[in-house]
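Enquirer: Sequence plus predicted model, see below.
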Amino acid sequence: MKRQRTAMTLVELLVVVAIIGLLVALLLPAVQAARATARAATCKNNLRQIGLAVLQFCDNHRGQFPEWYHAGEEKSWIYTVAEHLEKVDEIRLCPDDFLLFERRYMKGTSYVINDYLAADVEDAVRNHNKLRATSRTIVAFEGADKREQDPLNYRDDRRMEYAHPRYEHAHCSQWFSELFVENGLVEQQVKKDIQPGRHFHAAHYLYADGHVEVISAAQIDEWIAANFNFAKPE
């Protein structure tokens, strides 16, 4: 009488393991992409919440925008807008920020405010009510990844310093200065302040009407090449 086989052979086991490995290899990129999409969605929602908080601040201050760190630490938008965010520091953090842990500890931010709105610079519009086109005026950007944008000067032992709350603004009013335009330094200056390709070669931009727009890094590069100051208020 022929004996019935009840166990797998070594060859069969190896085939099963190979199939499982192949399935994992096929599924892993999809899982990673799904996680990246979720992080990008969180980032976009964070900026939307910040936008609502900024609008509430403006309503309570006769249209005046919050200020930047250079006006005095306590006057920085990080602190003055906090009341409208229920003091939830996590809302100021992008999940894809490489300094996420450090910024969380330092109570810093992944987002930077437009100095045209937050400071007394040339061509500034400090009051929301004086904007002609709120839907075309950028309030905040995703802050630059210093490790990527300035690798020659980046130091890993200074991560806490880079995460300090004072890095909460972009020097937009200087990006297209005559000096930088003539010397071809506009792109360098822009990318010292903002990160145009953080999410799938694009980034989120908060506008003065409260909406958040996804703009590709390629579009930012086109505007830079055309010397179009996309940060200037309208």
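Expert: Now that the structure is in, tell me what you want to look at.

Enquirer: Show the subsequent helix or strand relative to the helix ranked longest in the chain.
Expert: Scanning the chain for the helix with the most residues, using DSSP state H, yields helix 10-60. Per DSSP states H and E, the first helix or strand lying C-terminal to helix 10-60 is helix 77-80.

Enquirer: Show me what the next helix or strand after that following helix is packed against.
Expert: Per DSSP H and E, the first helix or strand lying C-terminal to helix 77-80 is helix 100-106. Helices and strands touching helix 100-106, as assessed by 3 or more Cβ pairs under 8 Å, 6 or more residues apart in numbering; DSSP states H and E, comprise helix 159-162. (Glycine included, C-beta is placed from N, CA and C.)

Enquirer: Could you list the buried residues of the helix it packs on?
Expert: Residues of helix 159-162 classed as buried: Arg159, Tyr162 (neighbour count, 16 or more other Cβ atoms under 10 Å).

Enquirer: Next up, phi/psi of the closest residue in space to Val139 that isn't next to it in sequence, please.
Expert: Of all residues not flanking Val139 in the chain, Leu206 sits nearest, at 4.8 Å (Cβ to Cβ, 6 or more residues apart in numbering). Leu206 adopts backbone torsions of phi -90, psi 130, taken as degrees, to the nearest 10.

Enquirer: residues in contact with the residue nearest to the spatial centre of the chain?
Expert: Nearest to the mean C-alpha position of the chain, by Cα atoms, centre = their mean, lies Glu142 at 2.3 Å. Neighbour list for Glu142: Cys43, Cys94, Ser110, Tyr111, Val112, Ile194, Gln195, Arg198, Ala203, His204, Tyr205 [criterion: Cβ atoms under 8 Å, 6 or more residues apart in numbering].

Enquirer: In three-state terms, how would it be classified?
Expert: For Glu142, the assignment made with DSSP: H, G, I helix; E, B strand; the rest coil gives strand.

Enquirer: bridging residues for it?
Expert: Tyr111 (DSSP bridges).

Enquirer: How many neighbouring residues does Thr137 have?
Expert: Number of residues near Thr137 (other Cβ atoms under 10 Å) recorded here: 21.

Enquirer: Now do the contacts for it.
Expert: Asn114, Leu117, Val125, Leu131, Tyr207, Ala208, Pro233, Glu234.

Enquirer: From Ala217, how far off is Arg35?
Expert: Arg35 sits 21 Å away from Ala217, taking Cβ to Cβ, to the nearest Å as the criterion.

Enquirer: Those two - which one has more neighbours?
Expert: Neighbour tally, Arg35 and Ala217, criterion other Cβ under 10 Å: the higher count belongs to Ala217, 17 against 11.
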